[in-house]
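*Asks:* predicted model follows, preceded by the sequence.
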Amino acid sequence: MNKKFAHLLLIFTFTLLIVPSLHPVLANEVFYPRLLGAPDINCAPSPPGPTCTISVADYAAYFFVLAIYLAGIIGVVSIAFAGVTILINAGSPSAVGAARERIIGSILGIVILMCSFIILRTINPDLITPKTGGGILDSTVYGVYLRWSTTPSIDHPDGYLYNTAPVAMPNTAQAEIQIGAQLYYYCPPTTTNPKTLLVWLYDGSDYQDGGNSGTAELHCNQAIVVDQAASYQWKWKEAGVYFYATNDCTGISSDVQKVDGPIQPFDAADSIPVGSMKIVSGATADSKYGVVLTEGNIDENSIASGECSQPYVNLTQGDSECIPMPNGSNGNTFSPLAAYVFNVNPNYRTSGNGLWLYSDAKSLFLSSNNIGTELPIENPDAFLDKWGENNGSGTTCDPTQQLCLNEIRIGNNNYNVFLYAENDAEAPNVDATCQAFNVDQTIQDGTDILSNGRHLIEMDVFPY
């Protein structure tokens, strides 16, 4: 074999060994073309829910096959170049001889390359498409596996072969997943406080929902069949808010939502409306969650561009009851686009000593005991006018005619405040919105949530 081809093989080996180790960098917003015989290492298009993670083994397999493709292409190009050289230098025996050697070396290299690939794949496919786990379950290791049936033996007493399961698989058919394969969540006997595993099974590839997708919960040593799913993803269940496409919290769900913003999509197409939700709270005070839904978006001032729902809160560890979407002011089922997600502190006295409400003429202090874990106030203008104390300045406000509450002072205390406002139009023409904040706030008639003829109708306070 000539020196040039030896250099080519050296570059091929270097690429095979080094490139997979760079996979965190390579994974950033790069689309890798799908190659026959190689695993799909794309998380795209825009996978919903859990973060799509490709293993080092998948990258190694992909770049192994890619290197073979490139070596074959280079070999063909080398043959073509040598052929042109022979035509151009027909009168130069030395040039023609060198070109013929190049052709022979290139053909020999391609044949050896293809034969090595076929032999390795025949002997052990894992040498070409490597998997972790070696087919044997390590009974001391907590993890998630793909498993399928085999003949019981000393190594496989339970009659299964095991491999560590990828976090996401955008195309199970292309991955040649075994018939009857299961996603298995294993916990060693010594496991304490095990997590719950969520599995998204899609009936379309690339995390697309065709109407029969679903989300399943797995607990220790439980399994679910995945060979009929076109794609799947899994992740550990967390505290937060989960949305469902159905009105009874079945079928496909979103990933967990823990912050304000657009509702997490159900699939890559992001075209499925919300039907219900569950609030999952943890054991600690900072993992108790509440949510307010809005039919609009939430701007940089935390003002919603559409009607808002009442607050929903779960102060008990675990899942709340299923919460179907309520009816909006127009009588139709509420169709949220975004959500305010907030923490609620059950130990409310540790959130601060309270907050102040002000009008031009009156002020009212709401202590931590007054607020508790939630303080809903209907018609906050009338509430302040009734219970507030005269502060010796300004003009007494008539809550039936004008805005009274014009300032809320939270100070260094930890409270989330929601203000609701709407106009006096009849349904379905009600213009309603809300605003959330946790710092001092000035309220002015005719601006922000009180523009377009809207007035305050409700206020909710939650400690965090």
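*Replies:* Now that the structure is in, tell me what you want to look at. Here the structure is a predicted model, which is why all the values come from computation and not from measurement. Numbering: from 1, shown residues only.

*Asks:* which residues of the stretch 351-464 of the chain fall in strands?
*Replies:* Assigned by DSSP state E, counting those that start in this stretch, the strands in the stretch 351-464 of the chain fall at 354-358, 362-367, 375-378, 389-390, 407-409, 415-422, 432-437, 441-442, 455-463.

*Asks:* could I get the ones you listed in TSV, plus columns for mean neighbour count?
*Replies:* Where C-beta positions appear, they are placed from N, C-alpha and C, glycine not excepted. Formatted as TSV, the strands of the stretch 351-464 of the chain follow (neighbours: other CB atoms under 10 Å):
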stretch	mean neighbour count
strand 354-358	20
strand 362-367	17
strand 375-378	15
strand 389-390	10
strand 407-409	18
strand 415-422	23
strand 432-437	22
strand 441-442	14
strand 455-463	21
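
*Asks:* ok, which of those strands comes nearest Glu300?
*Replies:* strand 432-437 (11.9 Å; CB to CB).

*Asks:* re the thing from before, same list (the strands of the stretch 351-464 of the chain) but as TSV, adding mean pLDDT and distance to Ile279.
*Replies:* Shown next, in TSV, are the strands of the stretch 351-464 of the chain (pLDDT from 0 to 100; distance: least, CB to CB, whole Å):
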stretch	mean pLDDT	distance to Ile279
strand 354-358	95	25
strand 362-367	94	25
strand 375-378	95	17
strand 389-390	86	37
strand 407-409	95	26
strand 415-422	95	15
strand 432-437	94	17
strand 441-442	92	26
strand 455-463	95	13
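
*Asks:* for Ala99, which of the ones you listed is the nearest?
*Replies:* Comparing the strands of the stretch 351-464 of the chain by CB to CB, strand 432-437 comes nearest, at 75.2 Å.

*Asks:* run through who's touching that closest one.
*Replies:* Outside strand 432-437, the residues that touch it by CB atoms under 8 Å, 6 or more residues apart in numbering are 260, 292, 294, 296, 301-308, 329, 340, 342, 408, 416-423, 448-449, 454.

*Asks:* which of these are buried, as a PyMOL select command?
*Replies:* In PyMOL, this line selects whichever of the contacts of strand 432-437 come out buried by 16 or more other CB atoms under 10 Å:
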select buried, resi 260+292+294+296+303+304+306+307+308+329+340+342+408+416+417+418+419+420+421+422+448+449+454
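
*Asks:* so what's the backbone phi/psi at Leu108?
*Replies:* Main-chain torsions, Leu108, degrees, to the nearest 10: phi -60, psi -40.

*Asks:* just the pLDDT at it, thanks.
*Replies:* pLDDT, Leu108: 85.

*Asks:* what of Ala285?
*Replies:* 91.

*Asks:* for the one 4 residues further on, same thing?
*Replies:* At Tyr289 the predicted local distance difference test score is 98.

*Asks:* isn't it right up against Gly240?
*Replies:* Yes: between Tyr289 and Gly240 there is a contact at 5.9 Å, judged by CB atoms under 8 Å.

*Asks:* return the helix or strand in this protein with minimum mean pLDDT.
*Replies:* Least confident helix or strand of the chain, by mean pLDDT, DSSP states H and E, is helix 23-26 with a mean of 44.

*Asks:* next SSE downstream of it?
*Replies:* helix 56-88 (DSSP states H and E).

*Asks:* how about that following helix: buried residues?
*Replies:* Buried residues in helix 56-88 (16+ other CB under 10 Å): 57-68, 71-72, 74-75, 78-79, 82, 85-86.

*Asks:* my guess is Val259 is in a helix, correct?
*Replies:* No: Val259 sits outside any helix when classified using DSSP: H, G, I helix; E, B strand; the rest coil, being coil.

*Asks:* quick one, what contacts it?
*Replies:* So Val259 contacts Val341 (CB under 8 Å, 6+ apart).

*Asks:* Pro188 now?
*Replies:* By CB under 8 Å, 6+ apart, the contact list for Pro188 reads Ser139, Thr140, Val141, Tyr142.
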